[in-house]
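Visitor: what's the 3D shape of this:
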Amino acid sequence: MTGQLPPVRVFTMSSSAAPTAFARDVLRRFGRNHKASAVVEFALVAPVFFALLFAILETALMFFAGQVLETITEASARQIQTGQAQLANYPDSAHFRSAVVCPLIPAIFNCNNIYINVQSNAAASGVNFINPINSGNFVTSGLAYNPGGSCDVVVVQLFYQWQLFVTGLGYNISNLNGNQYLLSATAAFRNEPYSGACAT
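Guide: Numbers count the residues shown, from 1 in each chain. Presented below is the predicted three-dimensional model:
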């Protein structure tokens with residue numbers, strides 16, 4: 001008879017087989033779908049990428065701070081080399097720091113945390129460069145302020161404890177306890193004969 005539909009076959013599935021087939025179907029469709037693969041890959045790589053990025057930025061900022069400290073040291077040492085600091089009669093490094101160093105300090109430094117060592121001698125062999133790091137601690141007991149006189153050999157050292165923040169994933173360049181790096185800058189010179197000619 002024309003116009004009749006074929007009989008409909010109804011397939012039934014056991015109650016335990018239905019969830020299994022559904023799970024296989026979902027997993028198969030998830031495996032074929034690559035729309036979110038880039039997001040998953042970025043989520044895996046992102047922590048390492050950002051850690052490396054911040055480590056580069058922090059290292060660059062630390063080197064920039066070191067160069068700024070070098071500039072401040074040279075400008076401060078010039079006050080001693082020309083005799084201006086000696087004629088001003090600064091009694092100690094704290095007065096020299098507040099009068100000479102602090103006006104040169106930019107916003108990246110706290111002037112109160114800058115330490116100064118000034119050593120002088122008539123001969124270059126009598127001047128010592130100090131290393132104030134001992135077992136990860138910054139030791140200030142060896143710091144002195146002796147700008148010397150006319151024609152003396154002088155060494156000026158400035159120190160600053162720079163705080164580090166990116167120290168994970170095996171990248172830790174701190175040389176002090178508490179994730180700090182001691183920035184140091186040095187200037188060595190002979191004072192000008194501001195009070196008379198130098199002895200030959």
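
Visitor: which parts of this protein are helices?
Guide: Applying DSSP state H to the chain gives helices spanning 17-32, 37-81, 84-87, 93-96.

Visitor: pick out the residue nearest the middle of the chain.
Guide: In the chain, the residue lying closest to the centroid (Cα atoms, centre = their mean) is M62, at 3.8 Å.

Visitor: what's the distance between that residue and V154?
Guide: Distance of M62 to V154, computed by Cβ to Cβ, to the nearest Å: 27 Å. Heads up, the C-betas are built off the backbone N, CA and C, glycines and all.

Visitor: picking up where we left off before, and the pLDDT for the residue nearest to the centre of the chain?
Guide: Note for M62: predicted pLDDT of 93.

Visitor: what sits closest to it if chain neighbours are left out?
Guide: The shortest distance from M62 to any non-neighbouring residue, by Cβ to Cβ, 6 or more residues apart in numbering, is to W162 (5.8 Å).

Visitor: same question, L87
Guide: Y194 (7.6 Å).

Visitor: right, and that neighbour touches Q79 too?
Guide: No. At 11.3 Å, Y194 does not count as touching Q79 under the criterion of Cβ atoms under 8 Å.

Visitor: okay, those two: which has more neighbours?
Guide: Q79 (20 against 14; other Cβ atoms under 10 Å).

Visitor: touching, V155 and A124? I think so.
Guide: No. Between V155 and A124 there is no contact under Cβ under 8 Å: 9.3 Å.

Visitor: can you tell which of the helices of the chain is closest to I105?
Guide: Nearest of the helices of the chain to I105, taken as Cβ to Cβ: helix 37-81 at 6.7 Å.
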